[in-house]
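Participant: when you get a sec, could you give me coordinates for this:
(chains A and B, ligands or ions: 2)
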Amino acid sequence: MLDNVIIGQYIPGTSVLHKMDPRAKLLGIFVFIFVVFLANNWLTYGILGVFAVAAILLSQVSLRYMYKGLKPIFFIVIFTFILHILMTKQGEVVYDLGWLKIYNGGVKQGVFISLRLVYLVLVTSLLTLTTTPIDITDGLEYLLAPFKRVKLPVHEFALMMSISLRFIPTLLQETEKIMKAQMARGAEFTAGPVKERIKAFVPLLVPLFISSFKRAEDLALAMEARGYRGGEGRTRLRVLHWGFRDTGALLLLLILAAVLIVLRTHG
Amino acid sequence: MDIKISGLTHRYKAGTPFERLALHDVSLSISSGTFLAVIGHTGSGKSTLIQHLNGLLKPSEGTITVGDLTIAAGGKKKQLKALRKRVGIVFQYPEHQLFDETVEKDVMFGPMNFGQSEEAARAAAHEMIKLVGLPVEVLQKSPFDLSGGQMRRVAIAGVLAMEPDVLILDEPTAGLDPRGRKEIMDLFRTLHDQRNMTTILVTHSMEDAAYYADRILVMEKGSTYLEGAPAEIFAKREELQAVGLDVPETVQFLLRWQEKTGKPVQMSSFTIEDTAKAISADFGKGGFTC
Ligand SMILES: Nc1ncnc2c1ncn2[C@@H]1O[C@H](COP(=O)(O)OP(=O)(O)OP(=O)(O)O)[C@@H](O)[C@H]1O
Ligand SMILES: [Mg+2]
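Facilitator: Ligands and ions are numbered 1, 2, ... in the order given. Here you go, the predicted model:
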């Protein structure tokens, strides 16, 4: 039922992307988000596309799996696309319905913004697909360490994140289990008018909330029982290693940024 | 209600890197009125198998027929509701499915989903609550104020209130105290006999399988391994041990006894009383030698 959700899912593997230092991957994503916003014409969007596909190929995650996992966001993409087509009034009219005029500027904008969304989701999901939640958290904590000076609760933040990531699959499993139990009692989650459908979710949400709170309590108790007292003075079991490939990957991204800056339409 | 499963194969997460073959070419018929126990090592596919019987999982290959309804790979959704009315499932830890403000409303949820009137559903709730051994006062309480064992009984009442023809129980007594286990298992057997139901019990307890079931199915690695009457199944100790199972303790005891005394004992039934009888019969013959 919920088999296709790929958010927060980690696929074990031995690809270059798997072996990269999580800090490099996090920094890379950070840079990439800016780079995506540099593109503003067909050529630059094309280059970004090649880059994104290359990254997926490098990760050895099957394209079919990525495609299936992205299906849920297609709705948002299509929505954005239509919105742009309807709202943008630039360029020549390519289609005229009298009350509705579609401009080529709108089509172009629609395609660009949709592509931007797809690229962002693709590349960020590559992060979770190739990095264990624990690595992501370690990397984040390390990168954010400077903020500890200004009393930002970096360790707590990282911990919260790793707990959330860790429990996404559990929560999905639980959802599926309760859905099945209620469906066996005749509940329907996918049919009927909207009002009924919203009501139908009560039997699913109440048990989910209860079990989540219970789980949170258990976890807190278990952490306390094992003497957890926060980040102060904790040493690490696993040490991160920054290698050539990490520096290389970041350089590649900077080159990409430079290329885009040169090729983008100015003015 | 006769159940027929043929060539059933199920793959979880088909087409992803996590694909997993959970059932492989399972064929089986369960005739109406049978009390079937399904046993097998953990991960052998028991839960996967039973979830096909009311359409919660769809077969990757093969068909399932319950009465006159057939579910096939790639089939339509239409019949599912009719199927679910006929086949009730009590899941493992069913208390996790409770959600409504009062016990009464929660028990009425199932029957009302299947189109019963409010009065009929309420009447069913009252009847079932008594049947599972709870006082009628709990009906107006919040299910979350009850003890774990009571919650379990409420959840079971919620499934029974749908009056299914086929009742599926996935480890219904896991985590209950010994007395609660026996009460609930006795309840299922009584219901089975009184209402002409077909009952399928998934269990890890060889004793329960031996004591309550008419037939036993042994699953192993997603396939059927053995199927037969309890006496037949538990005569095959080596085969059971090969897949991480064993015979019930009463049988283990009798086997030991036989070994020590060197004389065969009658081993057709599995209750403590029958075991005691078998031994005392042995005594009667003057066979006590050790
Ligand atoms: N939702 C799921 N997604 C992927 N694989 C699953 C899922 N549910 C079960 N499996 C796998 O299918 C196989 C059979 O599982 P199943 O739950 O049917 O076993 P079981 O016999 O009921 O075990 P247990 O006695 O532990 O309840 C197992 O290998 C399990 O890992
Ligand atoms: Mg199971």
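
Participant: on the pLDDT front, check the residue of chain A most remote from its centre for me.
Facilitator: When distances are taken from the C-alpha mean of chain A, A:G98 lies farthest, 40.6 Å away, according to C-alpha atoms, centre = their mean. The model reports A:G98 with a pLDDT of 74.

Participant: phi, psi of it?
Facilitator: phi 90, psi -80 (degrees, to the nearest 10).

Participant: what's the separation between it and B:I168?
Facilitator: 61 Å (C-beta to C-beta, to the nearest Å). From N, CA and C alone the C-beta is placed, and that goes for glycine too.

Participant: residue boundaries of the helices in the chain?
Facilitator: By default, I'm working from chain A. Secondary structure of chain A, counting by DSSP state H: helices at A:16-19, A:22-36, A:42-59, A:63-87, A:104-130, A:133-144, A:154-184, A:194-200, A:202-225, A:244-263.

Participant: if you could check chain B rather than the one you did, that'd help
Facilitator: Using DSSP H, helices in chain B cover B:46-52, B:80-86, B:103-113, B:118-131, B:148-160, B:178-195, B:206-212, B:230-233, B:237-242, B:249-261, B:272-284.

Participant: what about the first one, near chain A?
Facilitator: Yes. Figure legend: helix B:46-52 in contact with chain A (C-beta under 8 Å from any C-beta of the partner chain); contacting residues B:Q51.

Participant: with just CA atoms, put that helix into CSV.
Facilitator: Provided in CSV are the C-alpha atoms of helix B:46-52 (Å, rounded to 0.1, in the frame of the first residue of the first chain):
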residue,chain,number,x,y,z
LYS,B,46,1.7,-17.3,7.9
SER,B,47,0.5,-13.7,8.3
THR,B,48,1.0,-13.1,4.6
LEU,B,49,-1.1,-16.1,3.7
ILE,B,50,-4.1,-15.2,5.9
GLN,B,51,-4.2,-11.6,4.8
HIS,B,52,-5.0,-12.8,1.3
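
Participant: so which elements touch it?
Facilitator: Contacting helix B:46-52 under the criterion 3 or more C-beta pairs under 8 Å, 6 or more residues apart in numbering or on different chains; DSSP states H and E are the following elements: strand B:3-12, strand B:20-30, strand B:35-40, strand B:166-170, strand B:198-202.

Participant: next one: that helix to chain centre, how far?
Facilitator: How far helix B:46-52 lies from its chain's middle: 11 Å, per C-alpha atoms, centre = their mean, to the nearest Å.

Participant: contacts for that helix?
Facilitator: Applying C-beta atoms under 8 Å, 6 or more residues apart in numbering or on different chains, the external contacts of helix B:46-52 come out as A:180, B:5, B:8, B:10, B:12, B:22-23, B:26, B:38-40, B:57-59, B:64, B:71, B:89, B:92, B:168, B:170, B:200, B:202, B:219, B:222.

Participant: any idea which helix or strand of chain A has the worst average confidence?
Facilitator: Taking mean pLDDT, DSSP states H and E as the measure, strand A:93-96 is the helix or strand of chain A with the lowest mean score, a mean of 78.

Participant: list the strands paired with it, with their directions.
Facilitator: When sheet partners are counted by DSSP bridges, strand A:93-96 sits next to strand A:101-103 (antiparallel).

Participant: which one of the helices of chain B has the poorest average confidence?
Facilitator: helix B:272-284 (a mean of 78).

Participant: what's it packed up against?
Facilitator: Here helix B:272-284 touches helix B:249-261, going by 3+ C-beta pairs under 8 Å, 6+ apart.

Participant: restricting to C-alpha, output the least confident helix or strand of chain A in CSV.
Facilitator: Taking Å, rounded to 0.1, in the frame of the first residue of the first chain, the C-alpha atoms of strand A:93-96 are listed here in CSV:
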residue,chain,number,x,y,z
VAL,A,93,-0.2,34.0,-27.4
VAL,A,94,0.2,30.4,-28.6
TYR,A,95,-3.4,29.3,-27.8
ASP,A,96,-6.5,31.4,-27.6
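
Participant: where's it relative to the chain centroid, distance-wise?
Facilitator: On C-alpha atoms, centre = their mean, the centre of strand A:93-96 falls 36 Å from that of its chain.

Participant: same question, stretch A:196-212
Facilitator: Relative to its chain's centre, stretch A:196-212 lies at 25 Å (C-alpha atoms, centre = their mean).

Participant: what of stretch B:246-264?
Facilitator: Using C-alpha atoms, centre = their mean, the offset of stretch B:246-264 from its chain centre is 27 Å.

Participant: and what of stretch B:229-241?
Facilitator: Worked out by C-alpha atoms, centre = their mean, stretch B:229-241 lies 19 Å from the chain centre.

Participant: burial count for A:F189?
Facilitator: By other C-beta atoms under 10 Å in any protein chain shown, 14 other residues sit near A:F189.

Participant: over to the one 10 residues further on?
Facilitator: A:K199 is flanked by 11 other residues according to other C-beta under 10 Å.

Participant: what of the one 5 residues further on?
Facilitator: For A:L204, the neighbour count with other C-beta under 10 Å is 19.

Participant: now the one 10 residues further on
Facilitator: A count of neighbours around A:K214, defined by other C-beta under 10 Å, yields 11.

Participant: chain B versus that one, what's the distance?
Facilitator: 10 Å (C-beta to the nearest C-beta, to the nearest Å).

Participant: need the pLDDT of that residue.
Facilitator: At A:K214, pLDDT is 91.

Participant: surely A:I102 meets A:Y95?
Facilitator: Yes. Applying C-beta atoms under 8 Å as the test, A:I102 and A:Y95 come out as touching, 4.1 Å apart.
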